[in-house]
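A.B. asks: Next input, structure requested:
(one chain, ligands or ions: 1)
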Amino acid sequence: MRLILGSASPRRRELLAQIGVVPDSVLPPDIDETPLKGELPRLYCARIAREKVQAVQVGADDIALCADTTVALGRRIMGKPVDAGEAAAFLIALGGRRHSVITAVAVRRGDQIWTREVVSAVKMKRLSDAEINSYLASNDWQGKAGGYGIQGLAGAFIPWISGSYTAIMGLPVAETAAMLVTAGYPIWKGQP
Ligand SMILES: Cc1cn([C@H]2C[C@H](O)[C@@H](COP(=O)(O)OP(=O)(O)OP(=O)(O)O)O2)c(=O)[nH]c1=O
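C.D. replies: Model prediction:
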């Protein structure tokens with residue numbers, strides 16, 4: 001049995017390493033992440049994680065792990081911004097309000113698929129033009145849902161969360177560990 005991480009996200013690899021899990025290989029799937037018309041954020045996020053794990057090519061006894069992180073402002077889905085303009089629009093909309101961050105995790109072994117969603121609430125302070133411009137210039141918004149990463153500079157914009165910090169970063173480690181155990185991955189063996 002091998003563990004395949006179906007993700008190009010360096011954060012997901014680091015968060016797995018935090019709980020002592022090193023995948024045997026990393027095979028990011030390439031799927032269409034366009035939301036369906038009127039699709040609600042949580043359903044969208046769960047669907048994308050499931051589609052990612054279904055798209056990973058693995059042997060019958062291998063375990064595949066994928067996740068998706070989506071920022072939701074009410075019913076509005078904020079994925080990874082395509083450019084600095086979209087990142088700016090996201091940050092302007094998120095500043096001074098509470099939003100949700102949903103991370104869906106999907107694990108597959110053979111024909112069996114397990115999925116779980118972790119929803120966190122995040123408060124972002126109202127941002128000044130100087131803060132937005134300086135953040136955009138840092139490029140730290142690139143490749144991150146909602147156009148920010150709580151684990152970087154944008155941590156200075158976030159005074160309060162309720163939920164899972166690791167889920168906001170891209171992979172809820174407690175839920176992921178439990179799902180890997182369910183799928184038969186020997187997570188607690190060989191720990192020093
Ligand atoms: C909100 C938030 C998101 N993110 C990141 C986590 C994810 O990498 C990214 C959301 O994009 P995803 O589509 O979930 O993941 P990805 O494209 O980076 O990687 P893959 O699909 O191959 O697994 O946003 C942070 O790093 N910090 C944050 O605070």
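A.B. asks: What sits closest to Ile48 if chain neighbours are left out?
C.D. replies: Nearest non-adjacent residue to Ile48, counting by Cβ to Cβ, 6 or more residues apart in numbering: Asp68, 4.2 Å away. (Each C-beta comes from the backbone N, C-alpha and C, glycine too.)
A.B. asks: That should have said Gly170, apologies.
C.D. replies: That would be Arg11: by Cβ to Cβ, 6+ apart, it lies 4.1 Å from Gly170.
A.B. asks: So which residues on this structure come close to the ligand?
C.D. replies: 7-9, 11-12, 28, 67-69, 71, 80, 101, 143-146, 148-151, 168-170 (Cβ under 6 Å from any ligand atom).
A.B. asks: let's see 8 Å
C.D. replies: Within reach of the ligand by Cβ under 8 Å from any ligand atom, the chain has these residues: 6-12, 28-29, 33, 48, 52, 66-71, 79-80, 101, 103, 122, 143-146, 148-152, 154, 168-170.
A.B. asks: Leaving out the residues flanking it, which one is nearest to Tyr185?
C.D. replies: The shortest distance from Tyr185 to any non-neighbouring residue, by Cβ to Cβ, 6+ apart, is to Ile63 (5.5 Å).
A.B. asks: so where do the helices sit in the chain?
C.D. replies: Remark: helices assigned in the chain by DSSP state H are 10-18, 41-55, 84-94, 129-138, 165-169, 173-182.
A.B. asks: Output these as a markdown table; include the columns mean neighbour count.
C.D. replies: Formatted as a markdown table, the helices of the chain follow (neighbours: other Cβ atoms under 10 Å):
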| stretch | mean neighbour count |
| --- | --- |
| helix 10-18 | 16 |
| helix 41-55 | 20 |
| helix 84-94 | 18 |
| helix 129-138 | 14 |
| helix 165-169 | 22 |
| helix 173-182 | 17 |
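A.B. asks: Export the ones you listed as CSV, with columns for distance to Gln112.
C.D. replies: Output for these, formatted as CSV (distance: least, Cβ to Cβ, whole Å):
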stretch, distance to Gln112
helix 10-18, 20
helix 41-55, 11
helix 84-94, 36
helix 129-138, 42
helix 165-169, 23
helix 173-182, 9
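A.B. asks: Quick one, which of those gets closest to Ile158.
C.D. replies: Closest of the helices of the chain to Ile158 is helix 165-169, at 8.8 Å (criterion: Cβ to Cβ).
A.B. asks: for that closest one, packing partners?
C.D. replies: With contacts defined as 3 or more Cβ pairs under 8 Å, 6 or more residues apart in numbering; DSSP states H and E, the packing partners of helix 165-169 are helix 10-18, strand 97-109, strand 112-124, helix 173-182.
A.B. asks: Please repeat the previous calculation with a cut-off of 7 Å.
C.D. replies: Here helix 165-169 touches helix 10-18, strand 97-109, strand 112-124, going by 3 or more Cβ pairs under 7 Å, 6 or more residues apart in numbering; DSSP states H and E.
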